[in-house]
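Visitor: give me coordinates for this.
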Amino acid sequence: MATMTSLIGLINKIQRACTLLGDHGGQGMSLWEILPSVAVVGGQSSGKSSVLESVVGRDFLPRGSGIVTRRPLVLQLHKTESGTEYAEFLHSPKKRFTDFVAVRKEIADETDRITGKTKQISNIPIHLSIYSPNVVNLTLIDLPGLTKVAVEGQSETIVEDIENMVRTYVEKPNCIILAISPANQDIATSDAIKLARDVDPSGERTFGVLTKLDLMDKGTNAVDVLEGRAYRLQQPWVGIVNRSQADINKNVDMILARRKEREYFETSPDYGHLASRMGSEYLAKLLSEHLELVIRQRIPSIIALINKTIDELNAELDRIGRPIATDGGAQLYMILELCRAFDRVFKEHLDGGRPGGDRIFGVFDNQLPAALKKLPFDRYLSLKNVQKVVTEADGYQPHLIAPEQGYRRLIDGAISYFKGPAEASVDAVHYVLKELVRKSIAETQELKRFPSLQTDIATAANESLEKFRDESRKTVLRLVEMESSYLTADFFRKLNAEPEKNLNPSDKKKNAEPAKNPNQSGHTGDRLNESYLRRIGSNVNAYIAMVCDTLRNTIPKAVVYCQVKEAKRSLLTNFYAQVGSREKERLSAMLDEDPQLMERRIQIAKRLELYISSRDDIDAVCWK
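Guide: I've put the predicted structure just below:
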C-alpha cells in the first residue's frame, strides 16, 4: 500500500494539474470536485492566517484589519526531500518565489488585480503551491473571514456574499472543514462552528481549532471545549497558540514559534495533560492522516470517475476528429475520404434518405405545369393576331389553297413561348441542387473541422452545377427548337379529315350553307373569312396543346439527365483531378482547421493525458 506522503502528494499533484487545465468545477462532476481538500473557516480576527502560517512554518500571508483575505487562497503544500523552500503561483507558473515576503506581496497584488484596492471580495481563487521539507502534503483553502456587519466601503450584502462563498466550498462532501474559533470568546457564538454545524450536522467532516488560548482571562481555560464536553465533534479539537503581535513585529522565526508553542502546552497546568494532542505541528499531522484515510476511502470512486472521464474525452476526440497526418499521401487520402463522405450525404438528399430531393419533383409536378398553363396562347391566337400573322406570312401574293406559311409562323411563334418555362425549370433545379450542396456540407460531420476544405468543396461543386445547368439549358432549348423545326404532318391531315371537330357551333351553322369549292381559301373579297381565321387559330391551338404535353414530359427528362444524374455521377470529378496534382503545402492548407477546434482538441488531449497518467499513478502508488 502507499505511504501517506506519496498518496497525498500524488493527489496534490493531480489537483494542481487539474487547476492548470481549468478542470476544477463547473457543470457536472470533475476530478477536482471529488479529490479531498481542507477548507479553513473562521470569523474575522479569529486567527485563521496565523494557523495557516503555523502549519506551513512560514510568514507569508497579508495582514491587517478588516477583511484581509478577499479571495479564496488554494494552498497546496508539497513535502520535499531537499532543503530548498520555494513557492509558485498558478497565474505565474514559471516563476519561483524563495522570498516569502515577496509571496505575501504577490497575494496582495493578485487580490487587488481582481477586486481593486477596495474592501470588496471575489470568488475567483488564487492558487499557491509551497514546496518545503518542513510541511506535510496537504491542500488547504483559506477563505474570507465571516463577518456580521458591513463597514464603510463594503457592499450592503457583504455578510451574505462571504457566507455564500464559504458555503460553496464547505458544502461539498469531499471538503474537510477546519473551523477556527478564538478561545477567548464563547464557543456558542462561534461563526465557524455555526456554519460547520449547518453543512456537517454529524460533525464527521469538521475539525475544531481553538486559537488564542494564551489570551484567555486568568482563572479560565478551554479544557471543556478541547475535551469535547462543551461542543462535541466526531473529530478531535486542537488548541493552537499563535505568535503574539510582538513576535510578529519582531519577525520571530516560525520554527522558533513552534518550539515556544510546544513549551507552552508542556508547561501549562491547564493543558499539560493534552500537550501531545495540541499545537500546529500536531494539527498538520492530524489533518494529513485524516486526508490519507479519506483519500483511501475514495480511491474506488476516484478511479471510476477517471475511467468515465477518459471514455468521454475519447468519445469527444472521435467526434471532433483526431490529429491530422503530416504525410502528403495520407493528407490526400484524408481529403478524398472527406469528399466521399460529403458525396454520400448529397446523394442521400437526392435519393430520399434525407429531405430535399422532393423539391426537384415539385419543380416538375407543380412549377412547370403551372408555368405552361400561364402561357398567353389565348392572346397570341386571338382572331386579330391570327389574321395579322397569316396575312403577313403570304407577302404580296395571297395563298391559293391553305395558309401554309401562316400556320408555320403561328406555330413557330407559339412554340417559342415554351423556352421560358423550360429555362425556369433548369434554373429552379439548379438552385435546389446548390442548396443541397450547402446543406450536405453542413451535415457532413467529418467536414466540420475543416472550414477551408468546406469552401473548396462548395466552390468545386457549384462550378460543376453551373456546367450542368448550361448543358441542361442547351438541351431543353433544343427540345423546344426541334418542335419548331419539324411539324407533325399527320396531326393536320387528321384535322382536314374531320373539319367540323374543331369548329364552334356558330361556325358549324355557317358551314351548313351551300358548299364552296374545296379549293377556296376562305377569302370574301379582300378579307379573310372570320370563321376561317377561327379555324386556323383553333387548329394551331390544338397542335400547341399536343406539343405542350410532349414538353411537359421531355423537359423533366432532360433536366434530370443533364443536371441531377450528372450531379450524382460527377459532382466532384474535376475537384478530384485538381487535388491529386496539388503539392503537400496546398493539401495542408486545405486541411487547415478552425483555430477554436484545434485549441479544443489540444485541451482535450491534455486532459486525456492527465487523467490517464493520474489513473496509472494512483494504481502504482496504491499497490506499491
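Visitor: the bottom helix or strand of this protein by mean pLDDT?
Guide: strand 523-524 (a mean of 48; mean pLDDT, DSSP states H and E).
Visitor: where are the low-confidence patches of the stretch 1-150 of the chain?
Guide: 1-6, 8-9, 12-13, 15-34, 64-67, 150 (pLDDT under 70).
Visitor: which residues in it form strands?
Guide: Secondary structure of the stretch 1-150 of the chain (DSSP state E, counting those that start in this stretch): strands at 37-42, 73-79, 86-89, 92-97, 126-132, 138-142.
Visitor: can you say which of those is nearest to Ile320?
Guide: When the strands of the stretch 1-150 of the chain are compared for distance to Ile320 using CB to CB, the nearest one is strand 92-97, at 27.3 Å. Backbone N, C-alpha and C define where each C-beta goes, glycine included.
Visitor: which helix in this structure has the most residues?
Guide: Longest helix in the chain, counting residues (DSSP state H): helix 280-320.
Visitor: can you tell me how far Val621 sits from Ile295?
Guide: 10 Å (CB to CB, to the nearest Å).
Visitor: neighbour-wise, which of the two wins?
Guide: Ile295 (21 against 17; other CB atoms under 10 Å).
Visitor: who are the contact partners of that one?
Guide: Ile295 makes contacts with 7-8, 11, 35-36, 302, as judged by CB atoms under 8 Å, 6 or more residues apart in numbering.
Visitor: Gly203: which of those is nearest?
Guide: Pro36 (16.7 Å).
Visitor: let me see the domain layout of the chain.
Guide: 37-278, 328-487+555-592 (the TED database).
Visitor: avg pLDDT for the very next helix or strand once past the longest helix of the chain?
Guide: Sequence order places helix 328-351 as the next helix or strand after helix 280-320, per DSSP states H and E. Helix 328-351 comes out with an average pLDDT of 90.
Visitor: list the buried residues of the very next helix or strand once past helix 328-351.
Guide: With elements assigned by DSSP H and E, the helix or strand that comes after helix 328-351 is helix 358-362. By 16 or more other CB atoms under 10 Å, the buried positions in helix 358-362 come out as 359-360.
Visitor: by contact count, what packs against the following helix or strand past helix 358-362?
Guide: Next in sequence after helix 358-362, counting helices and strands by DSSP H and E, comes helix 368-373. On a contact count with 3 or more CB pairs under 8 Å, 6 or more residues apart in numbering; DSSP states H and E, helix 368-373 meets helix 419-443, helix 530-559.
Visitor: again, 6 Å this time
Guide: helix 419-443 (3 or more CB pairs under 6 Å, 6 or more residues apart in numbering; DSSP states H and E).
Visitor: tell me the mean pLDDT for the helix it packs on?
Guide: 96.
Visitor: tell me the buried residues in it?
Guide: Those would be 421-423, 425-426, 428-430, 432-434, 436-437, 439-441, for helix 419-443 by 16+ other CB under 10 Å.
Visitor: do the same with stretch 161-176
Guide: Result for stretch 161-176 [16+ other CB under 10 Å]: buried residues 161-163, 165-166, 169-170, 172, 174-176.
Visitor: could you do stretch 101-116 as well?
Guide: Buried residues in stretch 101-116 (16+ other CB under 10 Å): 103-104, 106-108, 110-111, 115.
Visitor: what about these, which are in helices?
Guide: 103-104, 106-108, 110-111, 115.
Visitor: Gly47: what's it in contact with?
Guide: Contacts for Gly47 (CB atoms under 6 Å, 6 or more residues apart in numbering) come out as 211-212, 242.
Visitor: verify the stated contact: Leu73 with Ile126.
Guide: Yes: Leu73 is within contact range of Ile126, at 5.1 Å (criterion: CB atoms under 6 Å).
Visitor: host element of the nearest residue to Ala230 once chain neighbours are set aside?
Guide: Nearest non-adjacent residue to Ala230, counting by CB to CB, 6 or more residues apart in numbering: Asp224, 4.3 Å away. Using DSSP H and E, the element containing Asp224 is helix 223-226.
Visitor: just checking, next helix/strand downstream of that helix?
Guide: strand 237-239.
Visitor: which elements pack onto whichever strand or helix holds Ser588?
Guide: For Ser588, the host element (DSSP H and E) is helix 584-590. For helix 584-590, the packing partners by 3+ CB pairs under 6 Å, 6+ apart come out as helix 328-351, helix 451-485.
Visitor: tell me which residues are up against stretch 351-360.
Guide: By CB under 6 Å, 6+ apart, the list of residues contacting stretch 351-360 reads 348-350, 429, 432, 436.
Visitor: that one: end-to-end distance?
Guide: 11 Å (CA to CA, to the nearest Å).
Visitor: list the buried residues for that stretch?
Guide: 354, 356-357, 359-360.
Visitor: any idea how far it is from the chain center?
Guide: 29 Å (CA atoms, centre = their mean, to the nearest Å).
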